[in-house]
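# Have a look at this prediction, sequence included:
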Amino acid sequence: MECKLCKALKNEKDKYLYEDKDIVFLPTKTMKGHNKRIMIVSKEHIKYPSISDEREWVDSFIKFCKEYFNEEPTFALCESTYATIPNHWHLIATDWKGNVDIEQLHYTPHRAIKTNVNWRPNNG
Ligand SMILES: [Zn+2]
């Protein structure tokens, strides 16, 4: 069976949010109750990129997400340890809203990262 991520890379070019020679950012197929849920995927079908590649890729993904999730103060970057597709390197980022899977998110190791917005709560 073809790898789901390789398949997505091939068939969902129109959904790409960003692309360079090594990586692609695109929305995930399942939103799991989130308004925004996107992933970074390596173009090559590899499990582990080099440490320097990975660092560079994650840096650019975080930079992108800070703009992409800018209606909120933070977004969640999930660790790939619990990924359903373990053989193809990727990371998932989601908002905190509409969290149908908020419990799942709590059990998934993740980092909360600040967006670029000067956010204030709506209760005042
Ligand atoms: Zn693959």
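Nice, thanks for sending it over.
# quick one: the strands in this structure?
Along the chain, counting by DSSP state E, strands occupy 18-19, 23-27, 37-42, 74-78, 90-94, 110-114.
# what about stretch 7-17 and the ion, any contact?
No: if you take CB under 5 Å from the ion as the test, stretch 7-17 misses the ion, and the best it gets is 7.6 Å. Just so you know, the C-beta spots here come from the backbone N, C-alpha and C atoms, and that holds for glycine as well.
# And that stretch, end to end?
End-to-end distance for stretch 7-17, by CA to CA, to the nearest Å: 17 Å.
# weakest of the strands of the chain by average pLDDT?
When the strands of the chain are ranked by mean pLDDT, strand 110-114 comes last with a mean of 84.
# Please list the residues outside that one that contact it.
With contact meaning CB atoms under 8 Å, 6 or more residues apart in numbering, strand 110-114 is reached by I62, C65, K66, P73, T74, F75, A76, L77, C78, E79.
# So what are the sheet partners of that strand and their directions?
According to DSSP bridges, strand 110-114 forms sheet pairs with strand 74-78 (antiparallel).
# Only C-alpha atoms, please: export the strand it pairs with in PDB.
Output in PDB follows, covering the C-alpha atoms of strand 74-78 (Å, rounded to 0.1, in the frame of the first residue of the first chain):
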ATOM      1  CA  THR A  74      -0.800  30.200  20.800                       C
ATOM      2  CA  PHE A  75      -0.800  27.100  18.600                       C
ATOM      3  CA  ALA A  76       0.100  23.500  19.400                       C
ATOM      4  CA  LEU A  77       3.000  21.800  17.700                       C
ATOM      5  CA  CYS A  78       2.600  18.100  18.200                       C
END
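# Next, the angle from that strand to strand 37-42.
With axes from the mean of the first three to the mean of the last three CA atoms, to 10 degrees as the basis, strand 74-78 and strand 37-42 are set at 50 degrees to each other.
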